[in-house]
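1. how would this look folded up:
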Amino acid sequence: MRMQIANLLSGIPASLPEELVDELLSGRGFRLERIVSKGHGSPDGFWYDQAEHEWVILLQGEARLELDGHPELIHLSAGMAVNLPAHLKHRVAWTHPEEETVWLALFYSTD
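-> Now for the predicted structure:
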């Protein structure tokens, strides 16, 4: 492995017709992704139900997460992080439509 230096807030296309997902690192039991959203959200009726845990931090922008069975949305802004246990059904209800929302997502297993 060689040293890498990157700016996670650069290299974002001017147009984002779809959410941008870049795998940054992966290894035994983990995967680290940069996700860039701009007005994107989960499709109506769609819920993530993942076999792995997900820790996510918002580096820039704003988002709202919806958790299955929880009446209130979680509003995230830059610097906020949340750990989502495996099989906790969740969805992205909203991301800011006027600015890029940059997520850093760590998917991991404790097995």
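2. make it CA atoms for all contacts and neighbour counts henceforth
-> OK.
3. centre of the chain to stretch 98-111, how far?
-> Its chain's C-alpha centre and that of stretch 98-111 lie 3 Å apart, by Cα atoms, centre = their mean, to the nearest Å.
4. same deal with stretch 64-82?
-> With Cα atoms, centre = their mean, you get 11 Å for stretch 64-82.
5. stretch 14-32 now?
-> The answer for stretch 14-32 is 9 Å, by Cα atoms, centre = their mean.
6. in it, what counts as buried?
-> The neighbour-count check on stretch 14-32 (16 or more other Cα atoms under 10 Å) flags Arg31, Leu32 as buried.
7. so what's the residue count around Ala63?
-> 26 (other Cα atoms under 10 Å).
8. list the buried residues in the helix or strand where it lies.
-> Using DSSP states H and E, Ala63 falls within strand 62-67. Buried residues in strand 62-67, defined by neighbour count with 16+ other Cα under 10 Å: Glu62, Ala63, Arg64, Leu65, Glu66, Leu67.
9. ok, now stretch 2-11?
-> Neighbour count says stretch 2-11 has Leu8 buried, by 16+ other Cα under 10 Å.
10. what sits up against stretch 89-97?
-> For stretch 89-97, the external contacting residues (Cα atoms under 8 Å, 6 or more residues apart in numbering) are 37-42, 46-50, 61-68, 73, 101.
11. report the separation between Met1 and Ala78.
-> Going from Met1 to Ala78 by Cα to Cα, to the nearest Å gives 30 Å.
12. of these two, who's got more company?
-> Ala78 (15 against 3).
13. Gly61 is in contact with that one, correct?
-> Yes: using Cα atoms under 8 Å, Ala78 is in contact with Gly61, at 5.9 Å.
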